[in-house]
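Visitor: structure, please.
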Amino acid sequence: MKTILAAIDFSKGTQRILQAASKLAAAFDEHVYLVHVIDDTPLYTMYGMYPEEIPAMAEYRELAVERAKQKMEEAKETLAGMGVAVVSEILDGQPQEAILEFAEKVQTDMVVVGTHGHSAIGSVLMGSVASSLVRQAKVPVLVVPID
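Guide: Here you go, the predicted structure:
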């Protein structure tokens, strides 16, 4: 094993994902790619409106990127504090596609994700990222249960 990719969404399950990734990294003496995806298809597209029609969406996206950078730095520090070598990356796109593309790009050997980040209704509407990864990944996917 060379690398582990841990995908986080900053939900309450993030800490459990970080713990699982750190244990794997320690066991295999490997480093972790820590990724977060900023979804490029928010619900406004369901209603036929696009960013140029809603200037506030550009502002919202900028705020989301800044928040993601801050939260990612905190998660990176947490992993580093556990003795793990970590590289972080903020990705754009649909989460499952962006994670799969990045996993292939860096030739990761395993992906670690949580069971959910959305509410139950969100998972029904948007699909489960973890389920998609399990079905489509070319490498093993560890799905960490989140309470």
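
Visitor: quick one: strands adjacent to the helix or strand where residue 37 lies?
Guide: For residue 37, the host element (DSSP states H and E) is strand 31-38. With DSSP bridges as the test, strand 31-38 is paired with strand 3-7 (parallel), strand 86-92 (parallel).

Visitor: most tightly surrounded among those?
Guide: strand 3-7 (a mean of 26; mean count of other CB atoms under 10 Å). Bear in mind the C-beta positions are built from the backbone N, C-alpha and C, glycine included.

Visitor: please spell out which residues along the very next helix or strand once past that strand are buried.
Guide: For strand 3-7, the following helix or strand on the C-terminal side (DSSP H and E) is helix 14-28. For helix 14-28, the neighbour count (16 or more other CB atoms under 10 Å) marks 14, 16-18, 20-22, 24-25 as buried.

Visitor: stretch 74-85 too?
Guide: Applying 16+ other CB under 10 Å to stretch 74-85 flags 75-76, 78-79, 82, 84 as buried.

Visitor: and which of the residues you listed is nearest residue 2?
Guide: residue 84 (14.2 Å; CB to CB).

Visitor: thanks a lot, see you next time.
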